[in-house]
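A.B. asks: how would this look folded up:
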Amino acid sequence: MSDGPPRIFDRKAIDLHHERAVRIAGDAFLLAEAARGIIGRLAPVNRTFENGYVLDTLDPAMVLLEDWSRYWTYATVGDREALPVVDAPYDLIVSALSLQSVNDLPGVLRQITHLLKPDGLFLAAMFGGDTLTELRQSLAAAELAIKGGISPHVSPFADVRELGGLLQRAGFALPVADVERTVVRYGDMLSLVRDLRVMGETNALSERSRQPMRRDMLAAALTHYAENFADGDGKLRATFDIVYLTGWAPHESQQQPLRPGTAQTRLADALGTREQGSGEKPGG
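C.D. replies: Okay, here's the model as predicted:
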């Protein structure tokens, strides 16, 4: 039995997919959208960030973030998912569409809290929720019909509530997780696959099949997709949920929740009702 979290993702395959994406140099529009989403969440923050850290992201989208930090440090999550050990010098850490592919997300989040200065800000975008649900269902239906079983083809994606809980457990103050959905329409399923290659987001699961997809299974997947997820004009829908994570390194200046029993106003007074004891029946 191996120590540590399960190895859901093949880190070597992820690196190869990202290298291919850089060579293709296509329109990684969702990466740019994620960067714009990060900027939109930074905009209300009244602060000049001096020392920024970009975690494991393709560079082109982060050009949009140049104005937010005077100095960026770039780092990549390695095979052991251990980030560089430094003495918390960063006041801003961002990540765009990379954290959905780490095996030990809770561990990486805890490391990020140690890389931040007190009151430093972490802001990330990652795929989650129902991302690629149409592709997932079509491949599963095709494989079940042809082979009588299902093997993993699309990465699992965490729910926004689960991700918010991970932020809290990692030690972030004021954690927030919110999701924005983008539905992209394609002329055919293979165009979707090409876009996934451009973003470095093709199958990198450790338990994936190493054999090329059979033609009959591909045909069955194409048919299922067209029959179940096409609009009236024949265009195919593809769902992408981008979850944005925001958290602060704890600091004494931040707003703190009241301790139990210290509230100065009763809920009954605020609601304009009479307070009722636990053993008292309504109307008694």
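
A.B. asks: residues near the closest residue in space to Gly187 that isn't next to it in sequence, how many?
C.D. replies: With C-beta to C-beta, 6 or more residues apart in numbering as the criterion, Gly187 has its nearest non-adjacent residue at 6.6 Å, and that residue is Lys235. Bear in mind the C-beta positions are built from the backbone N, C-alpha and C, glycine included. Neighbour count of Lys235, defined by other C-beta atoms under 10 Å: 14.

A.B. asks: ok, Leu174 - contacts?
C.D. replies: Listed by C-beta atoms under 8 Å, 6 or more residues apart in numbering, the contact partners of Leu174 are Thr246, Gly247, Trp248, Gln254, Gln255.

A.B. asks: can you rerun that using 6 Å?
C.D. replies: Trp248 (C-beta atoms under 6 Å, 6 or more residues apart in numbering).

A.B. asks: which SS state does it fall under?
C.D. replies: strand (DSSP: H, G, I helix; E, B strand; the rest coil).

A.B. asks: separation between it and Arg237?
C.D. replies: According to C-beta to C-beta, to the nearest Å, Leu174 stands 35 Å off from Arg237.

A.B. asks: and the pLDDT at the residue nearest to Gly187?
C.D. replies: Lys235 is assigned 95 on the pLDDT scale.

A.B. asks: cool, and Ser2?
C.D. replies: As predicted, Ser2 sits at a pLDDT of 52.

A.B. asks: for Ala25, grab the count of nearby residues.
C.D. replies: Counted with other C-beta under 10 Å, the neighbours of Ala25 add up to 9.

A.B. asks: what does the helix or strand containing Ala219 contact?
C.D. replies: Secondary structure from DSSP states H and E places Ala219 in helix 215-228. Contact partners of helix 215-228, identified using C-beta under 6 Å, 6+ apart, comprise Ser138, Leu139, Ala141, Ala142, Ala145, Ile146, Met189, Leu236.

A.B. asks: quick check: closest non-adjacent residue to the third one.
C.D. replies: The spatially closest residue to Ala141, leaving aside those adjacent along the chain, is His224, at 4.7 Å (C-beta to C-beta, 6+ apart).

A.B. asks: and the one you found, how far from Arg214?
C.D. replies: From His224 to Arg214 the distance is 15 Å (C-beta to C-beta).

A.B. asks: kindly report the same for His18.
C.D. replies: 27 Å.

A.B. asks: who has more neighbours out of these two?
C.D. replies: Ranked by neighbour count (other C-beta under 10 Å), His18 and Arg214 place His18 first, with 20 against 13.

A.B. asks: the nearest residue to that one once chain neighbours are set aside: what secondary structure?
C.D. replies: Sequence neighbours aside, Gly200 is the residue nearest to His18 in space, at 4.1 Å (criterion: C-beta to C-beta, 6+ apart). Assigned with three-state DSSP, Gly200 falls in the coil class.

A.B. asks: which residues does Gly200 contact?
C.D. replies: In this structure, Gly200 makes contact with His17, His18, Ala21, judged by C-beta under 6 Å, 6+ apart.

A.B. asks: which one is the first one nearest to, not counting chain neighbours?
C.D. replies: Excluding the flanking residues, the one nearest His17 by C-beta to C-beta, 6+ apart is Gly200, at 4.3 Å.

A.B. asks: and the one you found, backbone torsions?
C.D. replies: Backbone dihedrals for Gly200, given as degrees, to the nearest 10, come out at phi 70, psi 30.

A.B. asks: output the lowest mean pLDDT helix or strand found in the chain.
C.D. replies: Ranked by mean pLDDT, DSSP states H and E, the weakest helix or strand in the chain is helix 267-271, scoring a mean of 50.

A.B. asks: could you report the neighbour count for the residue nearest to Ala141?
C.D. replies: 19.

A.B. asks: check Ala141 too.
C.D. replies: The local packing of Ala141 (other C-beta under 10 Å) involves 18 other residues.

A.B. asks: any idea how far Arg70 is from the nearest residue to Leu55 once chain neighbours are set aside?
C.D. replies: Of all residues not flanking Leu55 in the chain, Ser95 sits nearest, at 4.0 Å (C-beta to C-beta, 6+ apart). Noted for Ser95: a distance of 19 Å to Arg70, by C-beta to C-beta.

A.B. asks: residue ranges with poor pLDDT in the chain?
C.D. replies: The model of the chain has pLDDT under 70 over residues 1-5, 9, 56-66, 78-80, 148-155, 203-212, 255-284.
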